[in-house]
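J.: I'll drop the sequence and a predicted model, then ask my questions.
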Amino acid sequence: MSESNVVLERLEDQIQWYDKKSRYNQRMFKGMKTATIVISLSIPLLAAYSSYRPIPGTLIALITGTLGAVIALFEAIQQLNQYHHNWITYRSTAEALKHEKYLFLSNAGPYAAAEKPRTLLAERVESSVSQEHAKWASSQEQTSKTQGTPGKDQH
């Protein structure tokens with residue numbers, strides 16, 4: 001396999017990985033936030049409904065307590081897994097890698113004057129991935145310190 005193919009395959013692989021992870025984290029973040037909003041809105045609606053149709057106080061307490069606990073659970077999971085932060089970070093890295101790809105394929109930017117454009121592309125791609133990974137590891141370490149939990153593997 002030629003050097004160009006290896007570099008471009010690596011670049012495509014990383015673009016796809018970051019794109020996929022960004023979409024996953026966006027779905028998780030928005031899904032949990034939407035569920036939290038819906039459940040939060042249901043609590044006062046349930047209280048209002050119970051004033052029109054009598055529901056035993058213990059049942060209302062059980063239902064509202066359970067809904068409140070589910071909200072707390074969703075918020076804790078969101079905080080622990082950092083879906084919003086990961087979504088934004090992964091999207092940013094995917095777009096930066098796409099930018100590098102288009103500059104390379106167009107022989108523009110730093111590649112126009114490069115003696116070895118493929119080597120420069122490999123270095124810049126690995127630098128972007130390495131920087132993102134270092135930021136991710138730092139973020140996980142900080143989250144672990146504040147929450148007392150071990151970080152998760154990235155990729």
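T.: Yep, that arrived.
J.: most remote residue from this structure's center?
T.: Pro54 (43.8 Å; Cα atoms, centre = their mean).
J.: name the element it belongs to?
T.: Of the helices and strands defined by DSSP states H and E, none includes Pro54.
J.: who are the packing partners of the host helix or strand of Glu132?
T.: Glu132 belongs to helix 117-147 when elements are defined using DSSP H and E. Applying 3 or more Cβ pairs under 8 Å, 6 or more residues apart in numbering; DSSP states H and E, we find helix 117-147 packed against helix 3-52, helix 57-81, helix 83-105. To be clear about C-beta, it is placed using only N, CA and C from the backbone, and glycine gets the same treatment.
J.: deepest of the ones you listed, which one?
T.: Mean neighbour count (mean count of other Cβ atoms under 10 Å) peaks for helix 83-105 among those, with a mean of 18.
J.: distance from that helix to the middle of the chain?
T.: 12 Å (Cα atoms, centre = their mean, to the nearest Å).
J.: ditto for stretch 77-95
T.: That offset, for stretch 77-95, works out to 2 Å (Cα atoms, centre = their mean).
J.: before we move on, what about stretch 47-59?
T.: For stretch 47-59, the distance to the chain centre is 40 Å (Cα atoms, centre = their mean).
J.: any idea of the mean pLDDT in that stretch?
T.: Mean pLDDT, computed over stretch 47-59, is 81.
J.: do the same with stretch 10-26
T.: On average, stretch 10-26 scores 96.
J.: what's it in contact with?
T.: 83-84, 86-87, 90-91, 93-94, 97-98, 100-101, 121-122, 125, 129, 132, 155 (Cβ atoms under 8 Å, 6 or more residues apart in numbering).
J.: give me that answer again for 7 Å
T.: 83, 86-87, 90-91, 93-94, 97-98, 101, 125, 129, 155 (Cβ atoms under 7 Å, 6 or more residues apart in numbering).
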